[in-house]
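Got a predicted structure plus its sequence, pasted below:
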Amino acid sequence: MKKQHQTAGSLRREASMFFPVLMMCSLLNSALSFDLGQSTRCVSIPPEMSVCHDVGYSEMRLPNFLGHTSLENEVIPKSEDWRPLLQTGCHPQARTFVCSLIAPVCLDT
């Protein structure tokens, strides 16, 4: 019985390590298909997007690098999809990296 418990534990660890890699691959794939020629606009990072608070800037550009154009219908709900990855602590800069894609800093003046 103890051996089965250890096996289940190691499967959970392996799955928890695989999830962040899968999420990052998905994020990079979406970012690479973004059209850089699109016109953009600056908006404040909404309070509901807590994963991207305190990243060093308060305004983000839309569309983001995933092609999301709507805060309410796309950006805010999708930002919560990244919380499990960020909670793994897989890398100290993971939150900054994810937010640079889902809520990129707005440089338009």
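Now that the structure is in, tell me what you want to look at. Keep in mind that this is a model prediction, so the values were computed, not measured.

Find the helix or strand that Y57 is a member of.
Y57 is part of no helix or strand, with elements assigned from DSSP states H and E.

Roughly how far does it sit from E80?
20 Å (Cβ to Cβ, to the nearest Å). C-betas here are computed from N, CA, C, even on glycine.

Look up the pLDDT of the residue nearest to D108 when sequence neighbours are not counted for me, please.
Distances taken as Cβ to Cβ, 6 or more residues apart in numbering place C42 nearest to D108, at 5.3 Å, with adjacent residues excluded. pLDDT for C42: 95.

Then L27?
On pLDDT, L27 comes in at 51.

Give the burial count for the nearest residue to E59 once chain neighbours are set aside, as a bare number.
Distance criterion Cβ to Cβ, 6+ apart; nearest residue to E59, sequence neighbours excluded, is C106 at 4.3 Å. Neighbourhood size, C106 [other Cβ atoms under 10 Å]: 18.

was I right about C106 contacting P63?
No. Applying Cβ atoms under 8 Å, one finds C106 not in contact with P63, separated by 11.7 Å.

Overlap in contacts, those two.
Taking Cβ atoms under 8 Å, 6 or more residues apart in numbering as the contact rule, C106 and P63 both touch T40.

circling back: tell me if the residue nearest to D108 really is in a strand.
Yes. When DSSP: H, G, I helix; E, B strand; the rest coil is applied, C42 is found to be in a strand.

List the residues that contact it.
Applying Cβ under 8 Å, 6+ apart, we find C42 in contact with 59-62, 106, 108.

Next one: it from P77, what distance?
Distance, C42 to P77, by Cβ to Cβ: 21 Å.

for the chain, which spans come out with low pLDDT?
Across the chain, the ranges flagged by pLDDT under 70 are 1-38, 109.
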